[in-house]
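> the following comprises the amino acid sequence and a computationally predicted model.
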Amino acid sequence: MPEFEPKIVAFCCRYCAYTAADLAGSMRLQYSPNIRVVEMPCSGTIEHGVILNAFEKGADGVYIAGCNLGDCHFLKGNVRAIKRVAAVKKVLDEIGLGGDRLEFFHVPASEGTKFAKVANDMTERIRQLGPSPLNKSAAGNAKKEGGQTA
Amino acid sequence: MPEFEPKIVAFCCRYCAYTAADLAGSMRLQYSPNIRVVEMPCSGTIEHGVILNAFEKGADGVYIAGCNLGDCHFLKGNVRAIKRVAAVKKVLDEIGLGGDRLEFFHVPASEGTKFAKVANDMTERIRQLGPSPLNKSAAGNAKKEGGQTA
Amino acid sequence: MIVAQQKPINDIAQMINDCKKVLFVGCAGCVTVCLAGGEKETEVMASAMRIKRTLENNPLEAITYTCTRQCDPEYIASLDNVVKDVDAIVSLACGVGVQYLAERFKDKWVVPALDTKFIGGSTVHGVWEEKCGLCGECILHRTGGICPIIRCSKSILNGPCGGSQYGKCEVNKDIDCAWQLIYDRMKALGKLDKLMEIQPPKDWSKSRDGGPRKAIREDVMIDE
Amino acid sequence: MIVAQQKPINDIAQMINDCKKVLFVGCAGCVTVCLAGGEKETEVMASAMRIKRTLENNPLEAITYTCTRQCDPEYIASLDNVVKDVDAIVSLACGVGVQYLAERFKDKWVVPALDTKFIGGSTVHGVWEEKCGLCGECILHRTGGICPIIRCSKSILNGPCGGSQYGKCEVNKDIDCAWQLIYDRMKALGKLDKLMEIQPPKDWSKSRDGGPRKAIREDVMIDE
């Protein structure tokens, strides 16, 4: 049986993490192919419902990547994102999916290496946690759509 | 000093009183020239604020003329008008202008005579009551714009 | 919605008797729906007050403005330029709105035009009934969607009491016995067994017993 | 506005544990403004509930709808076609809305998702404070626009009491003493003399003491 390849959605602020992803590419850095990047105008635009929706649609893990504290282009968008992530983690714990499958990371635009490290770390964390229990019944399907094309 | 000629606004439902006014004309009936007729789509469209506004703008008396009970083109518009008139009469009493200066009349479309009688009766009533106390200070002006051109 | 009713017009008039220019502020929220303090009612009140004061040889300049809501700072901010030269502000909002105006316009005399009565809704046009007691811990899932806290005159949790006769409350024959309604509904739903669970005394500290209450949602607060 | 907060998600889950299809109904009124039961919160709750039930091998079909207001019959009428095959309705409105749904859909199990707490407004985004006690006879014109009925923990009419220290209430250091606020404001307005009038006992029969309340406006009633 092949190793489990988690499917991870990464919501990335265009002013930092998304730019860092470009930089990681220019730097020819290798990183986990399990993540799907969604460009956001600011990490602060993430909403509780969007995160839950990603899990409902098959994500094994989700993370939001935003600017360092004090660096937000919209002043406090990243602060808001951190608070929302904390609230959704609590919901995920309560409903039994587990808050560990969700995280917030600071990834400045200039740190291609940090972008790659975060992608690898989160992939490793979710691999340890195993497939989302929501995907277990439909494991075949989940695999088919899985990580390699990310 | 000439006799006081009251200025009276008559809000008339087009399905009854307004038509009755036409009929009164065809019948060559004479009636008080003190009233100014405002055509309404239904007596039920009258609003508290419009009545008070008429008094603020110089009316010595106001009446609303609608269909007989059960004959309203919109089923209960006249019932609503009657209730609103009662409410505004109470306000007029409370603020010292006097609810007597406001009335509701049933004037069916076929009764040109009743239209004329209501106009005459209301004019007589307001003449007895005297000018609206709001017009006293500006009695000259009120006269100048007064009844004859109605 | 919050249901309020206008105070007698002479009571309001007395509050602003020595003012020459007064701003009447309506609210487009709950009190518009319950016909007590919306745009129309605000215009009517200003008009009535002007007439009254003219008749008393004490003319009043009455201006009006209706806010989207008076219970949010951003909606009363638009009054900043309107209030400058008024001697008083009459709020046609619920008690919350009056206090928001008083807090923002600290140098103005702010008075209420309404009596705020209860939260509920309309049954027929022109009639509103109290439906929720703001007890802080809703039990409607135990009582078939009928609240005994506010709709039972005694607020009892294990009813009905001995004052329930022919479905009516002993307090007033116009009041349905809430526990009769609860029983009937639970029976119709086949859930009478749920009523056999005795409810322990309610924790009133979640209601008003611990002083004025706050609600906090840290995950949406903007400042740390 | 009416301020409410969500019940713990597991408490709501338990109310609908044996239901296969559930309608979650949001309200676009007060509870949208206080972020407890608007369209977004309704979607989040439905989503969380579906996930939870899938994990428990007891899948739930959760559908959503958000009414303009749940406290008016005309706005819940649009649910008539939506409720037909659901086993339960979860209302994310205040207690009023829950009861309107229960009354209209008599054969459905209707449960509350929120605890309805108080009427008030926000001070900063994410924080709401109680401001009005719905006492039925507003006295804000006597107290400088600050309500002692709900903002003084003792609801006293001639304050402050001996528990007021450094402007704070003895109940909790986070609670401002309402009477200190009243005194400061009346002083700033030059109206301290008004506070010298002793207020007699309040007529609580206009509050909740006579059972559930009604408000009637005969001049706007449609039927005689």
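Arrived safely.

> C:Gln180 against C:Ser164, yeah?
Yes - contact status for C:Gln180 versus C:Ser164: in contact at 5.8 Å, counting by Cβ atoms under 8 Å. (Glycine included, C-beta is placed from N, CA and C.)

> can you give the strand pairings for the particular helix or strand that has C:Thr64 in it, parallel or anti for each?
Assigned by DSSP states H and E, C:Thr64 falls within strand C:61-67. As defined by DSSP bridges, the strand partners of strand C:61-67 come to strand C:21-27 (parallel).

> and the next element down the chain from the partner strand?
With elements assigned by DSSP H and E, the helix or strand that comes after strand C:21-27 is helix C:30-33.

> just checking, what packs against that next one?
Packing partners of helix C:30-33 (3 or more Cβ pairs under 8 Å, 6 or more residues apart in numbering or on different chains; DSSP states H and E): strand C:2-6.

> give me the angle between the strand it packs on and strand D:2-6.
Note on geometry: by axes from the mean of the first three to the mean of the last three Cα atoms, to 10 degrees, strand C:2-6 and strand D:2-6 are set 170 degrees apart in direction.

> which residues touch strand C:2-6?
With contact meaning Cβ atoms under 8 Å, 6 or more residues apart in numbering or on different chains, strand C:2-6 is reached by C:12, C:29-31, C:34, C:36-37, C:41, C:45, C:92, C:94, C:96, C:113-121, C:128, C:130, D:1-2, D:119, D:132, D:134, D:215, D:217.

> so what strands line up beside it?
On the basis of DSSP bridges, the sheet neighbours of strand C:2-6 come out as strand C:114-122 (antiparallel).

> so what's the model's average confidence on the partner strand?
Per-region confidence: strand C:114-122 scores 97 on mean pLDDT.

> pull the CA atoms of that strand into CSV?
Extracted in CSV, the C-alpha atoms of strand C:114-122 (Å, rounded to 0.1, in the frame of the first residue of the first chain):
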residue,chain,number,x,y,z
LEU,C,114,-40.6,56.0,23.4
ASP,C,115,-41.2,53.6,26.2
THR,C,116,-39.3,50.4,25.3
LYS,C,117,-41.5,47.5,26.3
PHE,C,118,-40.4,44.0,25.3
ILE,C,119,-39.0,41.8,22.6
GLY,C,120,-41.5,40.0,20.5
GLY,C,121,-43.3,40.3,17.2
SER,C,122,-46.7,41.0,15.6
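
> after that strand, next one along is what?
Trace forward from strand C:114-122 with DSSP H and E and the next one is strand C:127-132.

> does anything pack onto that next one? Which helices or strands?
Judged by 3+ Cβ pairs under 8 Å, 6+ apart, strand C:127-132 is in contact with strand C:114-122, helix C:148-151, helix D:95-104, strand D:214-216.

> as a markdown table, the ones you listed with mean neighbour count would be great.
Converted to a markdown table, the helices and strands packed on strand C:127-132 look like this (neighbours: other Cβ atoms under 10 Å in any protein chain shown):
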| stretch | mean neighbour count |
| --- | --- |
| strand C:114-122 | 26 |
| helix C:148-151 | 25 |
| helix D:95-104 | 27 |
| strand D:214-216 | 17 |
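
> distance to A:Cys42 for those - can I get that in CSV?
Converted to CSV, these look like this (distance: least, Cβ to Cβ, whole Å):
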stretch, distance to A:Cys42
strand C:114-122, 38
helix C:148-151, 44
helix D:95-104, 34
strand D:214-216, 46
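
> for the closest residue to chain A within chain C, list the residues it contacts.
With Cβ to the nearest Cβ, the shortest gap between chain C and chain A falls at C:Asp219, namely 3.5 Å. Residues near C:Asp219 by Cβ under 8 Å, 6+ apart: A:Lys83, A:Arg84, A:Ala86, A:Ala87, D:Gly126.

> just the buried residues of those residues.
In the contacts of C:Asp219, burial by neighbour count holds for A:Lys83, A:Arg84, A:Ala87, D:Gly126, counting by 16 or more other Cβ atoms under 10 Å in any protein chain shown.

> secondary structure and pLDDT for those - can I get that in CSV?
Formatted as CSV, the buried ones among the contacts of C:Asp219 follow (DSSP: H, G, I helix; E, B strand; the rest coil; pLDDT from 0 to 100):
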residue, secondary structure, pLDDT
A:Lys83, helix, 96
A:Arg84, helix, 96
A:Ala87, helix, 96
D:Gly126, coil, 93
